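Asker: sharing a model prediction with you, sequence too.
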Amino acid sequence: MNSKHTLLIIDDEPSICKILEHFLKKDFNVVIKHDGSEGMLWLEEGNETDLIIADLNMPNLSGKEFLKVTKASNLYSDIPVIILSGSDESSERVQCLNLGADDFMLKPFNPLEVQAKINAILRRSRRN
């Protein structure tokens, strides 16, 4: 039995996906999707994830739209989501957090900080 947590990473920038996968694959099962609708499709196929990292600005289904859809769904509303964004726009951050994001990180990010935040969120969600 694999006790690793599964992370779903959704970002249309291959370099970001590569960095995250490189740093996180040791401790997590990492699944990469390149836009929000691909990520949704993967979830709808019955795949399970412990945490989602989604880019704010992606084609087909933006991070914000993705958040709205997952948080409105009975199946996915309890999956923690970290939003990544290249924009330091406070209103965007507030909107995402209000839509149910668990955290918001700016690009470029320190992968170790991403990992620390993932671990903190997973610790919290296991307590509930």
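Answerer: Good, I have the coordinates.
Asker: now do the contacts for the residue nearest to the spatial centre of the chain.
Answerer: Central residue of the chain (CA atoms, centre = their mean): I53, 1.4 Å from the mean position. By CB atoms under 8 Å, 6 or more residues apart in numbering, the contact set of I53 is 7-11, 20, 81-82, 84, 114, 118. From N, CA and C alone the C-beta is placed, and that goes for glycine too.
Asker: go on, S62?
Answerer: S62 neighbours (CB under 8 Å, 6+ apart): 36, 56.
Asker: what pLDDT does it get?
Answerer: S62 is assigned a pLDDT of 94 by the prediction.
Asker: any idea how far it is from A54?
Answerer: For S62, the distance to A54 equals 9 Å [CB to CB, to the nearest Å].
Asker: now do the helices in this protein.
Answerer: 14-24, 36-44, 63-72, 90-99, 111-127 (DSSP state H).
Asker: low pLDDT regions in this structure?
Answerer: Applying pLDDT under 70 to the chain flags the ranges 1-2, 127-128.
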